[in-house]
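Participant: Below are the sequence and a predicted model; questions follow.
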Amino acid sequence: MGLKIGLDIDGVVADSFPIFRRELNKHYGKDISRIDNYDMSKVYDVGWGDISAFFDQNVEYLFSEPKPMKGSVETILFWLKAGHEIVFVTARKCGFEEKITMEWLKKNNIPYEKTVFAGGASKTFAVREFSLDIFIDDFVSNALEIAAMSVPVLLLDAPYNQGKLPQGIKRCYNWEEIRCEIDKLK
């Protein structure tokens, strides 16, 4: 029997942050070379409402433009063929963001049977609802909440998630490492 694998989208399956950074730099007239805080309002020194409005106004482009992370599509297809179940759990919202996301998955030939749009809420409800065996994310807060449920988390390395990790969370630097970690669990 295969594993039930939870996957975040932005920063894990979709290489979103380079697009976010490029467009935010243009919008704010800055030359930020890396986003080292998940709260981009701190990186760009503006109010959270400003960042939120920017994303609302540009959501279609920001969510449809990213390429898949290197190795993500091939690994997802491999896992599905091997009998694993994939549940995408994203902080994106239902409605328009959902429509853009589904189009992006389709355009990039990423099969999706189960996709949860948490809309910024904790992802723990989806972990419980689908009885996920492992979760892959890039946001430390999500990783900590999920690991506290005794569900192992693979944290895809990013400039904004540095620091010591507690037991139950393993840092991976690319999709090849993620695939190896899942192979160990089978």
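Facilitator: It's in.
Participant: what does the longest strand anywhere in the chain rub up against?
Facilitator: Longest strand in the chain by number of residues (criterion: DSSP state E): strand 85-90. When contacts are defined by Cβ atoms under 8 Å, 6 or more residues apart in numbering, strand 85-90 is touched by residues 2-10, 13, 76, 79-80, 101, 105, 111-118, 123, 126-127, 130, 132, 135. Any C-beta I mention is one placed from the backbone N, CA and C, and that applies to glycine too.
Participant: mind running it again at 6 Å?
Facilitator: 4-7, 9, 112, 114-116, 123, 126, 130 (Cβ atoms under 6 Å, 6 or more residues apart in numbering).
Participant: Next: stretch 145-154.
Facilitator: When contacts are defined by Cβ under 6 Å, 6+ apart, stretch 145-154 is touched by residues 122, 124, 127, 134-136, 143, 168-170, 172, 178, 181.
Participant: Please report which of those residues has the highest neighbour count.
Facilitator: In terms of neighbour count, Phe135 stands highest of those at 29 neighbours, by other Cβ atoms under 10 Å.
Participant: Tell me which helix or strand that one sits in.
Facilitator: strand 134-137 (DSSP states H and E).
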